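**Student:** Got a predicted structure here, sequence first:
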Amino acid sequence: MFNQAVLMYGYWTDFLYFSRAKFAVLVDNGIRVSFFSNCIANLKR
């Protein structure tokens, strides 16, 4: 019982950590891409 609880806790923390890392990368890429497309749009004008 105790081992199962520890296993579930470890699984959830791993999952949340992984999701947060993926989300951070997505946000980072999104900001960078929009920043560059804004720069390109401004340069074309």
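**Tutor:** Good, I have the coordinates.
**Student:** SS state for residue 37?
**Tutor:** Counting by DSSP: H, G, I helix; E, B strand; the rest coil, the backbone at residue 37 sits in helix.
**Student:** what separates it from residue 20, distance-wise?
**Tutor:** 26 Å (CB to CB, to the nearest Å). Every C-beta, even on glycine, is put in place using the N, C-alpha and C of the backbone.
**Student:** in which helix or strand would I find residue 13?
**Tutor:** helix 2-44 (DSSP states H and E).
**Student:** State the mean pLDDT of that helix.
**Tutor:** Helix 2-44 shows an average pLDDT of 85 in the prediction.
**Student:** ok now that helix, how far from the chain's centre?
**Tutor:** 0 Å (CA atoms, centre = their mean, to the nearest Å).
**Student:** Also stretch 38-45?
**Tutor:** For stretch 38-45, the distance to the chain centre is 27 Å (CA atoms, centre = their mean).
**Student:** how about the CA coordinates for that stretch, as CSV?
**Tutor:** Taking Å, rounded to 0.1, in the frame of the first residue of the first chain, the C-alpha atoms of stretch 38-45 are listed here in CSV:
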residue,chain,number,x,y,z
ASN,A,38,6.9,41.1,-35.8
CYS,A,39,10.5,42.1,-36.6
ILE,A,40,10.2,40.7,-40.1
ALA,A,41,6.9,42.5,-40.7
ASN,A,42,8.4,45.8,-39.4
LEU,A,43,11.4,45.4,-41.7
LYS,A,44,9.2,44.8,-44.7
ARG,A,45,7.3,48.0,-44.2
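**Student:** In that stretch, which residues are buried?
**Tutor:** If you call a residue buried by 16 or more other CB atoms under 10 Å, then stretch 38-45 has no buried ones at all.
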